[in-house]
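Asks: have a look at this prediction, sequence included:
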Amino acid sequence: MSGRLRTVVLVSGDGSNLQAILDHSRTGALNISVVGVISDRRGVRALDRAAGAGVPALTVDHAAAGSRSVFTTRLAGALADLRPDLLVLAGFMRILDTGLVNQYRGRMLNVHPSLLPKFPGLHTYRRALEAGETEHGATVHFVIPELDAGPGIIQYCVPIRAEDTESSLQDRVRAGEHRIYPRAIAWVAAGRAVLKDGAVWLDGVRLAEPVMVNE
Ligand code: GRF
């Protein structure tokens, strides 16, 4: 991949990661051009953030689609119009169809709020606290059909403090996501991080584990 990557960001909610990506791309720190933002829900703040940055924003309404296959067909159509080189899932709360995931294999990223492979799925903060973990964090990974199982590029790790609640932990991890997601995207956009043979290669070296950033 070379030149500025046509990037589409998929969102479902607040869009704070989208904002971090838009901010970094505006400064020229990311070799991408965000050509569209697609939400699966109407009226979410992420859509306002896209509009505020002058990025075309549209909704492929999951509820209105009525079924997963109709939603997938509509989403695939919207993506075909936007011709992305790179798909960035930023708080996108749908499990994508396998065919679509495979179409963008090596070109689709996600951020997940845990130190994968720990705590795939939902409610990761609560589960980490309940499990008595001493640390928690976030992972940026390439997307494969299995949920939250794709090879990790970079992780952000925070120590869990005695006074931490779900909300305080979320705030600290989220702040870290805003640091590591633009960094991972920059690596992918520059061709420095690639998915090959089921693993992440960074600067030609196969990563045994994701790059770790500490709070
Ligand atoms: C993030 O914590 C991300 O890890 C998870 O959903 C959240 C989205 O936050 N997948 P935002 O919409 O980017 O603010």
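Replies: Cool, the structure landed.
Asks: OK, now which residue of the protein is nearest to the ligand?
Replies: Nearest residue of the chain to the ligand, counting by CB to the nearest ligand atom: residue 91, 2.6 Å away. In this view, the C-beta of every residue, glycine as well, is placed from N, C-alpha and C.
Asks: okay but that residue is in contact with residue 15, surely?
Replies: Yes: using CB atoms under 8 Å, residue 91 is in contact with residue 15, at 6.7 Å.
Asks: just say helix, strand or coil for the closest residue in space to residue 61 that isn't next to it in sequence.
Replies: Take residue 61 and drop its neighbours on the chain: the residue closest to it by CB to CB, 6 or more residues apart in numbering is residue 42, 5.9 Å away. Here residue 42 is recorded as coil under DSSP: H, G, I helix; E, B strand; the rest coil.
Asks: circling back to that earlier point, Three-state assignment for the residue of the chain closest to the ligand, please.
Replies: coil.
Asks: what about it, how many residues nearby?
Replies: 22 (other CB atoms under 10 Å).
Asks: so who does the closest residue to it other than its chain neighbours touch?
Replies: Of all residues not flanking residue 91 in the chain, residue 13 sits nearest, at 5.0 Å (CB to CB, 6+ apart). Residues near residue 13 by CB atoms under 8 Å, 6 or more residues apart in numbering: 41, 44-46, 91, 93.
Asks: tell me where this protein has strands.
Replies: In the chain, the strands defined using DSSP state E lie at 5-11, 32-39, 57-59, 86-89, 108-112, 135-142, 152-159, 193-196, 199-202, 205-206, 211-214.
Asks: angle of the second one against strand 5-11?
Replies: Translated: strand 32-39. Counting by axes from the mean of the first three to the mean of the last three CA atoms, to 10 degrees, strand 32-39 lies at 30 degrees to strand 5-11.
Asks: centroid-nearest residue for this structure?
Replies: residue 110 (2.8 Å; CA atoms, centre = their mean).
Asks: isn't residue 98 right next to residue 146, touching?
Replies: No: checked against CB under 8 Å, the pair residue 98 and residue 146 is beyond contact range at 9.5 Å.
Asks: which residues of this protein lie near the ligand?
Replies: 13-18, 46, 90-91, 111-113, 138, 174, 177 (CB under 6 Å from any ligand atom).
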